[in-house]
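Undergrad: Give me a 3D structure for the following:
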Amino acid sequence: MKICLLVPGSGGTFYCQNCLRDYSLVRALRGAGHEAVMLPLYLPPFGDEAETSQRAPVFFGGISVYLRHHVPLLRSAPAWLDRMVDAPWMLKLAAGREGSTNAGQLGPMAISMLEGRRGFQKKEFDRLVKWLVMHEKPDVIHISNALLIALATEIRQAMDVGIVCSLQDEEPWVEAMGLPYSRACWEAIGRHARNVSQFIATSGWYAERMASRIGIAREKIDVLFPGVETDNSDGQVSFDPPTIGFLSRINEAQGFNLVAEAFIDLKREPALKDLRLRASGGCTPADRPFFKDVMKRLRNHGLQDSVEIVPRFTKPERRQFLGSVSVLSTPVPGGEAFGAQLLEAMECGVPVVQPRAGSYPEIIEATGGGVLYDAGTPGALAGALRSLLVDPSRARGLGATGRAAVRERYNMSRTADAMIGLYESVLR
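TA: Sure, this is the predicted structure:
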């Protein structure tokens, strides 16, 4: 089977669950003997994920998309000019500014993309569809997220092909745009949904929310946990010294400030005087003021020597990072569509502590690899962390249970097999 995955390229500045999900899936599909072609959009892959990109060019180059939207004269610019502004070195420079523009400022561009060929990116829609018809001729098209769903409509008009679309993390992005853009986005996604053969959500919680948001039947959304890639590491949890880990984009939305506050509280306890905090996952230019404020608060409590920020988070470095922590927590206050970092931690034998929100109860119930707490209860996060930090036997037991579940049921090979079955059902 030939599968083309349309994937927004990662600038590589922060831990991106969607990017890791897509790149890992491409590798697993190839390992299973299928021809999986990744077509990058906006930015090319960077760092240790660049290996998944093959011969395809970058479509909807981030710089030309921005310029076409804001400079009308460039909407009919010749192709050579587009190639020049979207040269690899230019896109690499732009990737360093990833996240510097907030979602509220990108509403008009998102609407334009969802208008398909009627929007300002008509040339790029035509270019991508022509490439698929002339060069790839796939059996299945897999679209990375619903904000790219206009591609389904344009592709459907040109090709008889199965089209699936993943659902993960669209909601916080669209809602951050504010009115009237958020409402217009949901309406546009709903209109294009009829051209998608099947949707794939990363959790039952998110499937229910997106069925309501988009206005489609719940039966049109399958649920499939993204798997993680495994290795032969021993999965021993470190308590020398006891360490809280945070692995995600380091910003307020991901709850880094909540982990920092819990750490401050726990360090006051004699039994945890040696406690450390290690964080990794990167941040964007827009996150830096928040990051500086949190670090200033930690310094004001004299804890700067007990905190370490690990700047690099490629796959080998993430494994090394997870091998140094006793428990992991990334407490997004309202929950999220999934938590790939939780499965990565469990695969290394590290238990997790998460709020009882979003997809987290599903993940903890499915794996048995952590504990939940009530986010609305003062001190609940610190209490849940304490329960594992002062009881290494319990922490290691939960970590071992989670590790066994991830390796048996939530590894990327199993995910790829399930995805292949879904592709085959779409083609039937």
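
Undergrad: Domain ranges for the chain, per the record?
TA: 2-227+412-427, 243-409 (automatic domain parsing).

Undergrad: Export those as CSV, with columns for mean pLDDT, mean neighbour count and distance to residue 235.
TA: Bear in mind the C-beta positions are built from the backbone N, C-alpha and C, glycine included. As requested, the domains of the chain are exported to CSV (pLDDT from 0 to 100; neighbours: other C-beta atoms under 10 Å; distance: least, C-beta to C-beta, whole Å):
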stretch, mean pLDDT, mean neighbour count, distance to residue 235
domain 2-227+412-427, 86, 18, 17
domain 243-409, 96, 20, 3
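
Undergrad: Just send those domains back as CSV, with distance to residue 234 too.
TA: Shown next, in CSV, are the domains of the chain (distance: least, C-beta to C-beta, whole Å):
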stretch, distance to residue 234
domain 2-227+412-427, 20
domain 243-409, 8
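
Undergrad: what's the closest non-adjacent residue to residue 366?
TA: Counting by C-beta to C-beta, 6 or more residues apart in numbering, residue 405 is the residue found nearest to residue 366 once chain neighbours are left out, at 6.8 Å.

Undergrad: To residue 233, which of the domains of the chain lies closest?
TA: Across the domains of the chain, residue 233 has its closest neighbour in domain 243-409 (6.6 Å, C-beta to C-beta).

Undergrad: circling back: pretty sure the residue nearest to residue 366 sits in a helix.
TA: Yes - under DSSP: H, G, I helix; E, B strand; the rest coil, residue 405 falls within a helix.

Undergrad: That one reaches residue 365, doesn't it?
TA: No - with contact defined as C-beta atoms under 8 Å, residue 405 does not count as touching residue 365 (10.3 Å).

Undergrad: Which neighbouring elements make contact with the helix or strand hosting residue 124?
TA: Using DSSP states H and E, residue 124 maps to helix 122-131. Judged by 3 or more C-beta pairs under 8 Å, 6 or more residues apart in numbering; DSSP states H and E, the packing partners of helix 122-131 are helix 62-70, helix 150-158.

Undergrad: Helix or strand next in line after the last one, which one?
TA: Note on helix 150-158: by DSSP H and E, the next helix or strand toward the C-terminus is strand 162-167.

Undergrad: ok, that following strand: who's next to it in the sheet?
TA: Strand 162-167 has its sheet partners listed here by DSSP bridges as strand 140-143 (parallel), strand 198-201 (parallel).

Undergrad: And the next helix or strand past that strand?
TA: For strand 162-167, the following helix or strand on the C-terminal side (DSSP H and E) is helix 170-177.

Undergrad: And that following helix, what does it pack against?
TA: Where contact means 3+ C-beta pairs under 8 Å, 6+ apart, helix 170-177 is packed against helix 107-114, helix 181-192, helix 204-214.

Undergrad: Just want the angle from that helix to helix 181-192.
TA: 140 degrees (axes from the mean of the first three to the mean of the last three C-alpha atoms, to 10 degrees).

Undergrad: Residues in contact with helix 170-177: which ones?
TA: Here helix 170-177 makes contact (C-beta atoms under 8 Å, 6 or more residues apart in numbering) with 102-104, 106-107, 110, 145-147, 182, 185-186, 189, 206, 209-210, 213, 253, 336-337.

Undergrad: mind running it again at 10 Å?
TA: Outside helix 170-177, the residues within contact range by C-beta atoms under 10 Å, 6 or more residues apart in numbering are 18, 102-111, 145-149, 181-186, 189, 206, 209-210, 213-214, 253, 332, 334, 336-337.

Undergrad: Stretch 231-241 too?
TA: For stretch 231-241, contacts defined as C-beta under 10 Å, 6+ apart pick out 243, 245, 272-276, 306, 315-316, 319-320, 322-327, 345-351, 388-389, 392, 395-400, 402-404, 406-407.

Undergrad: one more time with 7 Å
TA: Contact partners of stretch 231-241, identified using C-beta atoms under 7 Å, 6 or more residues apart in numbering, comprise 274-276, 319, 323-326, 348-350, 392, 395-396, 399, 403.

Undergrad: for that stretch, the distance to its chain's centre please.
TA: Mean-position distance between stretch 231-241 and its chain equals 25 Å (C-alpha atoms, centre = their mean, to the nearest Å).

Undergrad: which residues are contacting the helix or strand encompassing residue 342?
TA: Per DSSP H and E, residue 342 falls inside helix 340-347. With contacts defined as C-beta under 7 Å, 6+ apart, helix 340-347 is touched by 15, 17, 20-21, 226, 228, 230, 247-248, 318, 322, 328, 330, 352, 354, 363, 367, 369, 399, 402-403, 406-407, 410.
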